[in-house]
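**Student:** Give me the fold of what follows.
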Amino acid sequence: MIKLSNMFKSKTNIFNFSHLYHLLIFLGFTANLISQNLSSTKLNQRTIKLDYNNTTGKLNTMFKECIGAGRANEGLRADWQQQLAMVKQDCDFKYIRMHGLLTDDMGVYKQDEKGNPQYNYQYIDVLYDYIISVGMKPFVELGFMPNYLASADKTIFWWKGNITPPNNYDKWQALIENLVAHFTERYGEDEVKTWYFEVWNEPNLDGFWSGTQDEYFKLYEYTAKAIKNVNSAYRIGGPATAGNGWIAETINFTNQNNVPIDFISTHSYGVKHGYLDEFGTSGTILSKDQWSVSADIINVRKKMDNLSKQNLELHYTEWSSSYTPADPIHDSYHQAAYILQKIKQTGTATNSMSYWVFTDIFEESAPRFTPFHGGFGLLNYQGIKKPAYYAYQFMNKLGETELQNSDNCSWATKNNKGDLQLLLWDFTNTHPGDMELNQTYYIKDLPSKPKEKVNIQLSNLPKGNYSLEIYKVGYKNNDPYTAYLNMGKPNQLTKLQVTQLKDESNGKPFLIEQIKVNSNNNFNKEIDINENDVLFFKIIKK
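**Tutor:** You can find the predicted model right below:
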């Protein structure tokens, strides 16, 4: 046995022991400071109280009424069609809207040497037959101008959509009337009565319409006559403007000139400035206004009601966080919570909010050269599901009946089987503001910070055994863009990398539990969430 006194005979031993002693004191002091710091930065408490028996009625599902796509010709591609079928299955959109139905790459219109019109709908038939085959309907945007009818050669986009007024309005009307009669013959009157016909796209922007406002209203009048000549019950509307423009002017024009109108359509995006970025080079800044987009929609509805047009439907036929197909927020995990926040804020003010668009197979500024480039889509080229995809998939999984819920960032529902669903999120706008563009901010690896502790309190749940499934979207959870950054941002993906990214964003539950509800009929769950997390709960009765 070594005597304790022998340990202190060496000068070196005394020095080492002294340092060890002070090190232990320092570590204890540091641990105490860390403990104090953690206790002083406790997560915010958020409570969601729900009563299984306390309902508010049928869930408003305007969020899945319509989805956008780039242009009609892209819809002839096999990969576009495969992606649409998947989106329909998972998100259940009812309608799809796209540009370029009448552009020359769809082979719709030409004239013989005597100027007689010649019509051809073979490409449109292939496209619309497919859309209907997967259980969707066209939201028919009528544009752009066939070259034989164009008054000038001004175009937009890589695919050269002609944006000029017709050189002969009677021939334009004849084309539309013939096209709608063809739809009636092919799909039946009852089916076409359920469609929407929208005149042009964003005519208040010089990039999309080279004519004046009066010329647009003339185009609208001739188009409305053509459609109503085929069937007075078919629905016609517009003005499909950017930035909520021309609403009062359109309503006043149709009132004063006795021109039919069945719905108003317009667009809104959540960035601070601008409406058109054809080549994706302008740069954008996400608005810090917490009511961006949603306040626009609410105000337009109020404006329409004040103009004695309460019975007109209102459709936002384009919306998103940003209007450019080169904005990395579209790829970011922030986008999922953003989508849910804006739709929740909007409430019942609009009949539809058509997200722009469902796929990155989108060639306004030509084919893109990288798999993630800030494209509008819910899916990228390879069919990798972005966080935005899951926002719509989770909403589609909500039940038919909404529960009363005072929490502003969640929906609680139950379905006809008695299962319960809860979709909750945090939206925190972390963008630094005017000092930085989206194009440099959202391309970074952006870890999320802890935000709050959510306490879910559910009462009157029928007793019995249940399966609880929790799904999550957030930083590194169904977040393929961050995984792509960690791969080194390859310009082209190998098959293995595509498989890896699809596995990263596979949408599987991150937690499954078996729970038993006893005679007190209560269920409580507490969970921590980070900034911009999205959580979807399914409580399934066994």
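**Student:** you'd agree Ser410 is up against Asp426?
**Tutor:** No. With contact defined as C-beta atoms under 8 Å, Ser410 does not reach Asp426; the gap is 10.1 Å. Every C-beta, even on glycine, is put in place using the N, C-alpha and C of the backbone.
**Student:** Run through the strands of the stretch 401-542 of the chain in chain order.
**Tutor:** Assigned by DSSP state E, counting those that start in this stretch, the strands in the stretch 401-542 of the chain fall at 401-403, 410-414, 420-425, 450-459, 464-473, 511-517, 523-530, 534-541.
**Student:** tell me the SS of Lys342?
**Tutor:** Counting by DSSP: H, G, I helix; E, B strand; the rest coil, the backbone at Lys342 sits in helix.
**Student:** Can you report how many residues neighbour it?
**Tutor:** 24 (other C-beta atoms under 10 Å).
**Student:** Could you point out which residue ranges in the stretch 251-400 of the chain have low pLDDT?
**Tutor:** Along the stretch 251-400 of the chain, the model assigns pLDDT under 70 to residues 274-281, 309-310.
**Student:** Now do the helices in it.
**Tutor:** Per DSSP state H, counting those that start in this stretch, the stretch 251-400 of the chain carries helices over the ranges 294-306, 334-346, 387-396.
**Student:** May I have the shortest one as CSV, with CA atoms only?
**Tutor:** Pointing back at helix 387-396 there. Taking Å, rounded to 0.1, in the frame of the first residue of the first chain, the C-alpha atoms of helix 387-396 are listed here in CSV:
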residue,chain,number,x,y,z
PRO,A,387,-40.6,20.2,-48.0
ALA,A,388,-43.4,22.2,-49.8
TYR,A,389,-44.7,18.9,-51.1
TYR,A,390,-45.4,17.6,-47.6
ALA,A,391,-47.3,20.8,-46.6
TYR,A,392,-49.9,19.8,-49.2
GLN,A,393,-49.7,16.1,-48.5
PHE,A,394,-50.3,16.7,-44.8
MET,A,395,-53.2,19.0,-45.5
ASN,A,396,-54.7,16.4,-47.7
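**Student:** elements contacting that helix?
**Tutor:** The contact analysis (3 or more C-beta pairs under 8 Å, 6 or more residues apart in numbering; DSSP states H and E) places helix 387-396 against helix 78-91, helix 334-346, strand 464-473, strand 534-541.
**Student:** Of those, flag the one that's most buried.
**Tutor:** Each of these was scored by mean neighbour count; the highest is helix 334-346, a mean of 25, by mean count of other C-beta atoms under 10 Å.
**Student:** Tell me what angle it forms with helix 294-306.
**Tutor:** Counting by axes from the mean of the first three to the mean of the last three C-alpha atoms, to 10 degrees, helix 334-346 points 30 degrees away from the direction of helix 294-306.
**Student:** Output helix 334-346 as CSV, restricted to C-alpha atoms.
**Tutor:** Included here for helix 334-346 are C-alpha records, laid out as CSV according to Å, rounded to 0.1, in the frame of the first residue of the first chain:
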residue,chain,number,x,y,z
HIS,A,334,-38.8,27.1,-44.6
GLN,A,335,-41.3,26.9,-47.5
ALA,A,336,-43.5,24.2,-45.9
ALA,A,337,-44.3,26.3,-42.8
TYR,A,338,-44.7,29.4,-45.0
ILE,A,339,-47.3,27.7,-47.2
LEU,A,340,-49.3,26.5,-44.1
GLN,A,341,-49.1,29.9,-42.5
LYS,A,342,-50.5,31.8,-45.5
ILE,A,343,-53.3,29.3,-46.2
LYS,A,344,-54.4,29.3,-42.5
GLN,A,345,-54.3,33.2,-42.4
THR,A,346,-56.4,33.4,-45.6
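**Student:** so what does that helix touch, helix or strand wise?
**Tutor:** Packing partners of helix 334-346 (3+ C-beta pairs under 8 Å, 6+ apart): helix 294-306, strand 352-355, helix 387-396, strand 420-425, strand 534-541.
**Student:** Please name the residues that touch Asp262.
**Tutor:** With contact set as C-beta atoms under 8 Å, 6 or more residues apart in numbering, Asp262 has these partners: 235-237, 312-313.
**Student:** for Gly418, same thing?
**Tutor:** Taking C-beta under 8 Å, 6+ apart as the contact definition, Gly418 lies against 462, 541.
**Student:** change the start of the numbering to 168 and stick with it
**Tutor:** OK, 168 is where the count begins now, so the last one is Gly585.
**Student:** Tyr522 is in contact with Ile506, isn't it?
**Tutor:** Yes. Between Tyr522 and Ile506 there is a contact under C-beta under 8 Å: 7.1 Å.
**Student:** Show me this protein divided up by domain.
**Tutor:** Using automatic domain parsing, the domain parsing of the chain gives 211-224+572-708, 228-567.
**Student:** what about the shortest one, distance to the chain center?
**Tutor:** For domain 211-224+572-708, the separation from the chain centroid amounts to 17 Å (computed by C-alpha atoms, centre = their mean, to the nearest Å).
**Student:** what comes up buried for the host helix or strand of Gln285?
**Tutor:** Taking DSSP states H and E as the criterion, Gln285 maps to strand 284-286. Neighbour-count burial for strand 284-286 flags Pro284 (criterion: 16 or more other C-beta atoms under 10 Å).
**Student:** do the same with stretch 264-284
**Tutor:** For stretch 264-284, a neighbour-count test (16+ other C-beta under 10 Å) marks 264-271, 273, 275-276, 284 as buried.
**Student:** any idea how far it is from the chain center?
**Tutor:** Put simply, stretch 264-284 sits 31 Å off its chain's centre (C-alpha atoms, centre = their mean).
**Student:** That one: end-to-end distance?
**Tutor:** 26 Å (C-alpha to C-alpha, to the nearest Å).
**Student:** re the thing from before, including distance to Gly242, could the helices and strands packed on helix 501-513 go into a markdown table?
**Tutor:** Below are these laid out as a markdown table (distance: least, C-beta to C-beta, whole Å):
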| stretch | distance to Gly242 |
| --- | --- |
| helix 461-473 | 27 |
| strand 519-522 | 16 |
| helix 554-563 | 19 |
| strand 587-592 | 30 |
| strand 701-708 | 29 |
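**Student:** which residues does Ile465 contact?
**Tutor:** Contacts of Ile465 by C-beta under 8 Å, 6+ apart are 513-514, 516.
**Student:** in the stretch 218-367 of the chain, which ranges drop under the pLDDT threshold?
**Tutor:** For the stretch 218-367 of the chain (pLDDT under 70), the answer is none.
**Student:** Tell me where it has strands.
**Tutor:** Under DSSP E, counting those that start in this stretch, the stretch 218-367 of the chain gives strands at 222-225, 233-238, 262-266, 276-278, 284-286, 304-309, 322-323, 328-329, 363-366.
**Student:** Which neighbouring elements make contact with the fourth one?
**Tutor:** Strand 276-278 makes packing contacts with strand 284-286 when contacts are defined by 3+ C-beta pairs under 8 Å, 6+ apart.
**Student:** In terms of secondary structure, what does the strand it packs on contact?
**Tutor:** Packing contacts for strand 284-286, counted by 3+ C-beta pairs under 8 Å, 6+ apart, involve strand 276-278, helix 336-354.
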